[in-house]
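K.L.:
Need the 3D shape of this:
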Amino acid sequence: MAKLLYRIGAWSFKAKWLVIAAWFVILGAIGGAAVTWGGAFVDNFAIKNTPSQEATEIYMEQFPDARNPLRGTGVNVVFKAPEGQKLTEPQNVEAMDKVVNYIRDNLKEITGTERFGNPAVLSPQIEQGVYNQLTENGVPELSAKADAHNLRLLSDDETIGYTTFSIDEPMPGEVTQAERDVVSQALDIGRAEGLQVEAGGPGFGDPIEISSTSEIIGISVAAVILVFTFGSLLAAGMPLITAVVGVGIGSLAITLATGFVDLNNTTPALAVMIGLAVGIDYALFIMFRYRRERLRMSNQEAAGMAVGTAGSAVTFAGLTVIIALVALAVARITFLSYMGFAAAFTVLVAVLVSLTLVPALLGVLGDRGFKSRRSRRQHVRTAPNKTMGRRWVQLVHRVPALVIVLCIVGLGALSYPATRLHLSLPSDTTSNVDTTQRKSADLLGEGFGDGINAQMLVAVDAHQVLDDAPVLQPLIRAQEAQAAQKAAIAAPPAPEGEPGAEPAPPAEEAPLAPPVEGEPAPAGEVPPAEPAPAEPPVELTAQEAPLDVHKAAANAAFQYIVQNYSNTPDVKHVQIIGLSEDGLGAQMLITPESNPEDESTNQLISTLRTKEQAVEDATGVRAGITGLVPIQQDITNRLAGVMPLYLSIVVGLAILLLMVIFRSFWVPIVAGVGFLLSIGAAFGVTVLFWQEGLWDLVNTPGPIIAFMPIFLIGVCFGLAMDYQVFLVSAMREHYVANPEGSQTELGDPRNNPIEESIVEGFTSTARVVTAAALIMISVFVAFIGQPLPFIKIFGFALGAGVLFDAFFIRMAFVPAAMFLMGRRTWHMPRWLDKILPRIDVEGTALEREFEAKQEDRRAAEREAEKMDA
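P.N.:
Below is the predicted model of the structure:
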């Protein structure tokens, strides 16, 4: 492989303009395709083969004309009266009218307007209408009042109210900035009148943005580090150019992919973050090796040798990152798999750019990028260079056991807060406290109870209801009695002179809990679709339409579910908000007592799903619960269940790959153990700062995004193996080249060849690995300034992970463990050595070939000297 990469590097150096032109043509072609065929990003988190997804499917089957509740574009506009006033006061009613009218006049394409209006005026109308409709259909007064009260738009003290509507777009990601601007302008109108007016909901999320500030900061810090590393502005600029090209291609390809698949709005930001970091680092490693090799060979040969040696390490390091990202597919969560594929593609582009575009730019740069070439003899030292890296590794050599203990204790202590990790999904309730989305959710919780932000939708299919189910018989008989009573009241009196006239038979029973107009959208979450209108009861004769037992059983099942779920702890209210056209499907709204982030809400979901199965067994209906909170629990459960498999695949494949590279059994094991320590510490500090708000450095502490742990593990593992490959491959290269040791160079006759290889390999790469780690940390930390909460936290966690892994594990724990292992460091069982393929990552064959050429050249020179003499 090293020879193949050597030829690629040498050819790219020679055909520099062709290579550069090819990459920019690719960049332009993908950019044009992205503009032509690219679509929009989405911000939903639905996953297949989960209870919440199955519930959504039931809902769409029963209400085919309704919008998919997981793609809702609802907007909640929330009002709060000035201190000491109520919204029902004339001046405040007038102010709310201005807000509502501005939206109605300027936002033409809106739907779901049953609950859109001035809450001070509309709320009493809705409550009275719901109450009348329910009582007319036989619902007890207390139940009718409770259902009507749960649908109110005005708080009991009349200080907080809200109204809701939907923007007529296919999904939240397609809501335009112009439409958001109309809502924002309406909010300003209300604020100018003295009200506090905020807006939230899936249709009013922040637009998908990647702030250029993060890239500018990351690239600026990287430029400074590169200048110190290479001592040249021209050389420092090359990794930045190649990284930007790679990230540009990756980002545009992701945009193009949105025209064919649904990609979450965090996907491009993640790809930019990871692609920029690895792109700079991979170019840095190749250029660092090139600068060293050009001291003893021509520029073209040096470029080929750099790509053949450091490029081999880049290839395998990139492969470990790609494996970790692609393996996210084992979670069987579509949006997470696509995020992994997109990031993996960007890493692949970064590798290819490093192997071809870097040597091409080196060809353009020529001798201008680095200091003048020294003589071949000057680079051979008779004594070791006392660099900081050498002094550090010699310190580790003296006290390896102490270094290991300090790493384990220190990182272990930082890992402890990770035991308190609490997961959630992005929503208005977890947005930054300074945003209007968060303020709207807080106001809704203040005025209507925390549960309004965690409302859930229940979809029921009663087509296969068991007519003779024992639990339904009392409810069916109640319908029969109610129908008979209505029929008796409605029967016309017998005509005079015709004694014995019989009363009209009972009419068909209306649903016990009919659909109501204007259900509340779960504020900022997943809104139910518009309910089907209720059909008025029709009085028929017995001959025309006897009581439909099957429909009566369905109505009984609906009522049974409401009663069953209502008796669950932490449930505030359950009510039917819509029936299908045939009356055999229903949608129900569950309002819990607690907010979405409360652990009791998650426990409630588990309890309801246990009851759900019992209800299905008892009645024969199909039912399911969906909404943001149920989806969150499904994702968390899915990820928790798949985590052992994911770790086994990623760590197992990476360890196997490292065994192939290093021809060692124990070194990869040490690498894996060290990773567990570093990732645990990264989780711990992330929980401390972003979840628990340590030192108040984060203004909005809260639960960690649910899918961050598995993604963080995958990315951090891949990046950790990057440094493992670069450091240990240099140690292996020295060991293979000097199997008997070189005591003169090392200057310590007590060292054996294995210890010497550790010291020399570490010394030769410590500077570049340090620079690479600092660059990667700066790039990741710069993304804390991004507007998307997930990117903020992920940037911090990745930066912490690289810090702990590069400086505590790879540059301390690993060499200390190798010193303690001694001769077992490079040991490989014979049976394993035979079955594993051999790959020349260190470029040993290239070195031998070069030395042979050098020897032939020296022999030719000696022969020429003899002939001259």
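K.L.:
how about I839, secondary structure?
P.N.:
The assignment at I839 comes out as coil when based on DSSP: H, G, I helix; E, B strand; the rest coil.
K.L.:
now the helix ranked longest in the chain: mean pLDDT?
P.N.:
Identified as the longest helix of the chain according to DSSP state H is helix 628-662. Mean pLDDT, helix 628-662: 83.
K.L.:
Check the gap between the nearest residue to P829 once chain neighbours are set aside and I809 for me.
P.N.:
The spatial neighbour of P829 that comes closest, neighbours along the chain excluded (CB to CB, 6 or more residues apart in numbering), is F665 at 6.2 Å. Bear in mind the C-beta positions are built from the backbone N, C-alpha and C, glycine included. Relative to I809, F665 is positioned 19 Å away (criterion: CB to CB, to the nearest Å).
K.L.:
These two: which has the busier surroundings?
P.N.:
Each of F665 and I809 had its neighbours counted (other CB atoms under 10 Å), and the higher figure belongs to I809 (26 against 18).
K.L.:
For burial, what's the neighbour tally of the residue nearest to that one when sequence neighbours are not counted?
P.N.:
Distance criterion CB to CB, 6+ apart; nearest residue to I809, sequence neighbours excluded, is G674 at 3.8 Å. The local packing count at G674 equals 25, with neighbours defined by other CB under 10 Å.
K.L.:
With M721 instead?
P.N.:
31.
K.L.:
does it really touch V321, like I thought?
P.N.:
Yes - the pair formed by M721 and V321 meets the contact definition of CB atoms under 8 Å, at 7.5 Å.
K.L.:
would you list every one of the strands in the protein?
P.N.:
If you assign secondary structure with DSSP state E, the strands in the chain sit at 74-80, 110-111, 160-167, 196-200, 423-424, 456-461, 571-579, 585-592, 622-626, 704-705.
K.L.:
what helices or strands is the longest helix of the chain leaning on?
P.N.:
With contacts defined as 3 or more CB pairs under 8 Å, 6 or more residues apart in numbering; DSSP states H and E, helix 628-662 has these neighbours: helix 51-62, helix 299-326, strand 423-424, helix 599-619, helix 666-686, helix 708-737.
K.L.:
looking at these, which is closest to T387?
P.N.:
Taking CB to CB as the criterion, T387 comes closest to helix 708-737 out of these, the separation being 13.9 Å.
K.L.:
so that closest one versus helix 628-662, what angle?
P.N.:
Going by axes from the mean of the first three to the mean of the last three CA atoms, to 10 degrees, helix 708-737 is angled at 0 degrees with respect to helix 628-662.
K.L.:
got a pLDDT number for the residue nearest to P829?
P.N.:
The per-residue pLDDT reported for F665 equals 88.
K.L.:
Which phi and psi values does it adopt?
P.N.:
The main-chain torsion angles of F665 are listed as degrees, to the nearest 10 and equal phi -90, psi -40.
K.L.:
ok, now how distant is it from M821?
P.N.:
As for F665, its distance to M821 is 10 Å (criterion: CB to CB).
K.L.:
Where does the prediction get shaky in the stretch 701-850 of the chain?
P.N.:
Along the stretch 701-850 of the chain, the model assigns pLDDT under 70 to residues 739-751, 840-845, 847, 850.
K.L.:
just the helices in it please.
P.N.:
Assigned by DSSP state H, counting those that start in this stretch, the stretch 701-850 of the chain shows helices spanning 708-737, 743-746, 753-782, 789-803, 814-821, 830-835, 844-868.
K.L.:
I'd like these as a markdown table, with distance to V221 appended.
P.N.:
Below are the helices of the stretch 701-850 of the chain laid out as a markdown table (distance: least, CB to CB, whole Å):
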| stretch | distance to V221 |
| --- | --- |
| helix 708-737 | 17 |
| helix 743-746 | 35 |
| helix 753-782 | 4 |
| helix 789-803 | 12 |
| helix 814-821 | 26 |
| helix 830-835 | 43 |
| helix 844-868 | 34 |
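K.L.:
Can you say which of those is nearest to E193?
P.N.:
E193 sits nearest to helix 789-803 of all those, at 31.5 Å, using CB to CB.
K.L.:
Send me the closest one as CSV with only the CA atoms.
P.N.:
Output of helix 789-803 as CSV, limited to C-alpha atoms (Å, rounded to 0.1, in the frame of the first residue of the first chain):
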residue,chain,number,x,y,z
PRO,A,789,-27.8,23.7,20.9
PHE,A,790,-26.7,20.3,19.8
ILE,A,791,-23.7,21.7,17.9
LYS,A,792,-22.7,23.9,20.9
ILE,A,793,-22.7,20.9,23.3
PHE,A,794,-21.1,18.5,20.7
GLY,A,795,-18.3,21.0,20.0
PHE,A,796,-17.5,21.3,23.7
ALA,A,797,-17.7,17.5,24.2
LEU,A,798,-15.5,16.8,21.2
GLY,A,799,-12.9,19.4,22.3
ALA,A,800,-12.8,17.9,25.8
GLY,A,801,-12.6,14.3,24.3
VAL,A,802,-9.6,15.3,22.1
LEU,A,803,-7.9,17.1,25.0
